[in-house]
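> predicted model and sequence follow; I will ask about them next.
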Amino acid sequence: MTNVENAWLIALYPLLSAVLIMFFTHKSRKISMGLSIAAVAIGFIHSLLLFFNFHEHEAYEANFNWIKAGDFHLEIGLLVDQLGIGMLLTVTLVSLLVQIYTHGYMDEDKGYTRFYSYLSLFTFSMLGLVISTNLFQMYFFWELVGVCSFLLIGFWWHKPSAAHACKKAFVTNRVGDAGFLIGLIMLYAFTKDFWSVDIATMSFTKIQEAINFAIANNGLEVVGLVSVTTIGILIFMGAMAKSAQFPLHIWLPDAMEGPTPISALIHAATMVAAGVYLMVRVFPICEITGSGALPFIAWIGGITAIFAATIALSQNDIKKALAYSTCSQLGYMIMSVGLGAPYIAMFHLITHAMFKAMLFLGSGSVILGCHHEQDMREMGGLRKYMPITAITFLIGTLSISGMPFFSGFWSKDMIIAKAYEVSPALFWIGTITALLTAFYMFRIYFKTFEGEYRGHAHPHEQPLAVTAPLMVLAIPSVILGLWGSPLMDYPLLKYFDHHFHAHGTGLDFFLHELTLPMGYLPFLAFVFGTLGAYLIYVKGITMQDKAVNVYVKEKFVPLYEGSVNKWYIDEAYEFVISLCMSFFRITWKFFERVIIEGIVINGLAWRGSEFVGEVLKLTQSGKVQSYILIMFLGLIVSLLIFMV
C-alpha cells in the first residue's frame, strides 16, 4: 500500500496515544509524554511523505459503508488532496511543537498526564476532521473537537472562571452547530436522489454536482427562504461559532482560562482553523451564481476583523489581547472566502498558524517568567531577562503586523488586494484593520519587553523545552509566506489550486503593485501603526502635559470604556437571555397556575369528578330489589349483544 492509502494512520496515532495514556500509562509522566509526542511526530513525518509523494490532480478518496437504512446510506472514509495535506502538515507540526512546549509549561501540574491525553484526543479529532470524505463524517469530528475543547478549556475546573469559560464555549458552539446541522439536513433533503449506491453521501468531491442536480431537478431555488443561499448561510453558522466570528465570537477570549499550550493549539491550527477549512470545502455550495451566501460571509468576516481589532487595542491581559487578535485574523480569512478566494484564505490560515502559535507560546513563556502574571501593566523590560522569548515574539509581531517579506505580509495583503478588486468598502475595512493590528501588536510587544520592569517577580528565561518550539516556529513565520508570493510564482496557491491564475509574477510585478493603492495603503498602515505604538509606549509622547494614551482615555471615555468592556456584547447577550428567561418564567407560571391548576385540576378534575359523583349517587338507592332489577337488565343486554 502507498502512503496515500495509509493516510488514515495519521489520525490513528494520537488516538492510540490518548487511549494508552488514559487507561495504562497515566501514572508515568515520562511514558505518557513520550507516547503523546511520538504519536504526533510520526504523524508529521507521514504528512511530509504525503506532501512529497502525492502529485495527483484528482483527490484520492476511499469510502466504506457505515449506515444503511432503505435508500439512505452513509459512508466513512478517507479524502486526500492538496488542501487536506496542507492542513495535515499544519496541524501535526503545530501540535508537535505545542506538545514539546507542554513538557516545560505543565511540568509541575498535577494533571500533567491527563493534559497530554486530552491533547492527543484533541489532535485526533482535528486530524479526523481534515481527512473526512463527506459532510456527515466531518460533522461527527466537528462535534468531537468541541467536546475536547470543553475538556481543555476547563482543564483547571476547580477555578470558577475556567468552569464558566468551558461552558460558555460549549454552549456558544452549540448555537452555531445547530445551524450547521439544519443546513446539512436541508442539503441532503434536496440532493438525496443524487447520492446513488456508487456515490458516497454528501461527498466533498461530488458536492458541486449534487447542488447543480438539486437546482435542475428538485426545484431548489438559488435565493429564498429555502434555497442554496439559506443552506450556505446555515452551514456557515457552524464556522461562525468555531472560528469565533461576530456575533458568536464571545467564547474565544474566555477560552484563555485554559493552560497556555491549549490556547496556542486552539488559536493556531485546530478549533478555530476548522471553521475556515469547512468553508473552503463547501465553497462550491456558496459560489453558485446568484447566491447571496458569499457577500454575507465576506461582510461577517470584515466586521469581525475590525470589531475584534478595536477591542484588542485596550486589553491589558496579554493572552486576551492575543485572543482578540486571533478573532480579527480569522475575520480576514472568512472575508477572503466570501470574496471568492478560498485558497488565499488557506494561505493566511497556514502562515497565521505559525506566527500565532509562536506568539501564544511566547506569552506563556512570559507568564512563567513573571510567575504567572498576565497583566502587561506588571511587565516591561523583559527583553533583557528573556532574550529568546523577546526576539521570537518580535518576529511574530512583525509577521502578523505586515512587515514586508515576512509571512503575514504576503498572505494578509493578498486578502486586502482581493478586496480592492471586489469590494472597496471591505478593502478599507481590511486596510484600517491592518493599521490597528500593527498598533495593538506593537503595543503588546513594547509594554511587555521594552522600558523598565514594573512587576514584583524575578523574571527569567525559560528552559529549552519552552524556547525551542519558539525558535522553530520563528523560521516559517519569516519565510513561509514567500512560498505563496509572486516572487516565487505562487507555488503554494498553485499547489492548492492547479487552475490558479495570477496577474503577474516576479520582483518587477511586486514593485509595481506597491505603487497601487492596494499595495501602498496596507504598507502605510503597517508603518503608521508601528510608529504610533513606538511613539506612545516607548518615547512616551505627551498631549496637553499628559501621556497620549492617558489623554485618549480621559478625552474619549465612551470609546475607551466600550473597547475595554468588549463593546458590551456579553452584557447584551445576558440582557436578552434574562428577558427570554423572564418571559419563559412568566409564561410557565401562567400555564401552571391558570391552565393546569385552574382549569385542569381545579376545573375539569375537581368539578368533573364532583359532577360524576352527583350523577352516580342517584343509582345508590339502598333498595335490594332495585339492584336486582339493574343486574337483570344488564344480563339481558349482554345476552342480546352476544347473540347478535
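Now that the structure is in, tell me what you want to look at. Numbers count the residues shown, from 1 in each chain.

> wait, what's in contact with the nearest residue to residue 121 once chain neighbours are set aside?
In space, not counting the residues next to it along the chain, residue 121 is nearest to residue 18; the distance is 4.1 Å by CB to CB, 6 or more residues apart in numbering. (Glycine included, C-beta is placed from N, CA and C.) When contacts are counted by CB atoms under 8 Å, 6 or more residues apart in numbering, residue 18 is found next to 36, 117, 118, 120, 121, 124.

> who wins for most neighbours among the residues you listed?
For those, counting by other CB atoms under 10 Å, the largest number of neighbours falls to residue 36: 32 neighbours.

> which residues touch the closest residue to residue 336 other than its chain neighbours?
Excluding its sequence neighbours, the residue lying closest to residue 336 (CB to CB, 6+ apart) is residue 345, at 3.8 Å. Residues touching residue 345, when contacts are defined by CB under 8 Å, 6+ apart, comprise 276, 279, 280, 333, 334, 336, 337, 415.

> now distance to residue 289, secondary structure and pLDDT too, for these, in JSON lines please.
Below are those laid out as JSON lines (distance: CB to CB, whole Å; DSSP: H, G, I helix; E, B strand; the rest coil; pLDDT from 0 to 100):
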{"residue": "276", "distance to residue 289": "23", "secondary structure": "helix", "pLDDT": "94"}
{"residue": "279", "distance to residue 289": "18", "secondary structure": "helix", "pLDDT": "95"}
{"residue": "280", "distance to residue 289": "19", "secondary structure": "helix", "pLDDT": "94"}
{"residue": "333", "distance to residue 289": "24", "secondary structure": "helix", "pLDDT": "95"}
{"residue": "334", "distance to residue 289": "21", "secondary structure": "helix", "pLDDT": "95"}
{"residue": "336", "distance to residue 289": "20", "secondary structure": "helix", "pLDDT": "95"}
{"residue": "337", "distance to residue 289": "17", "secondary structure": "helix", "pLDDT": "95"}
{"residue": "415", "distance to residue 289": "23", "secondary structure": "helix", "pLDDT": "95"}
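
> quick one on the thing from earlier: and the helix or strand encompassing the residue nearest to residue 336, how far out from the chain's middle?
Here residue 345 is covered by helix 342-369, with elements defined by DSSP states H and E. Relative to its chain's centre, helix 342-369 lies at 14 Å (CA atoms, centre = their mean, to the nearest Å).

> try stretch 535-542
36 Å.

> same question for that stretch: list its buried residues.
Buried residues in stretch 535-542, counted by 16 or more other CB atoms under 10 Å: 536, 537.

> can you check stretch 6-21 too?
Applying a neighbour-count criterion of 16+ other CB under 10 Å, the buried positions in stretch 6-21 are 7, 10, 11, 13, 14, 15, 17, 18, 20, 21.

> quick one: the residue nearest to residue 336 and residue 146, what's the gap?
Taking CB to CB, to the nearest Å as the measure, residue 345 and residue 146 are separated by 22 Å.

> I'd assumed residue 230 was in contact with residue 291.
No - under the criterion of CB atoms under 8 Å, residue 291 makes no contact with residue 230, lying 9.6 Å away.

> that older thread, mind putting the buried residues of stretch 6-21 into CSV with distance to residue 195, pLDDT and secondary structure?
Formatted as CSV, the entries for the buried residues of stretch 6-21 read as follows, by distance: CB to CB, whole Å; pLDDT from 0 to 100; DSSP: H, G, I helix; E, B strand; the rest coil:
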residue, distance to residue 195, pLDDT, secondary structure
7, 24, 90, coil
10, 27, 94, helix
11, 25, 93, helix
13, 32, 94, helix
14, 31, 95, helix
15, 28, 95, helix
17, 35, 95, helix
18, 33, 94, helix
20, 38, 95, helix
21, 39, 94, helix
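
> show me the contact partners of stretch 445-456.
Stretch 445-456 is touched from outside by 318, 366, 370, 373, 376-383, 385-386, 390, 393-394, 397, 459, 533-534, 537-538, with contacts defined as CB under 8 Å, 6+ apart.

> end-to-end on that stretch?
One end of stretch 445-456 sits 19 Å from the other (CA to CA, to the nearest Å).

> give me every residue that touches the closest residue to residue 53 other than its chain neighbours.
Here the nearest residue to residue 53 in space, its sequence neighbours aside, is residue 3; by CB to CB, 6+ apart that works out to 5.4 Å. When contacts are counted by CB under 8 Å, 6+ apart, residue 3 touches 46, 49, 50, 53, 54.

> cool, thanks, signing off.
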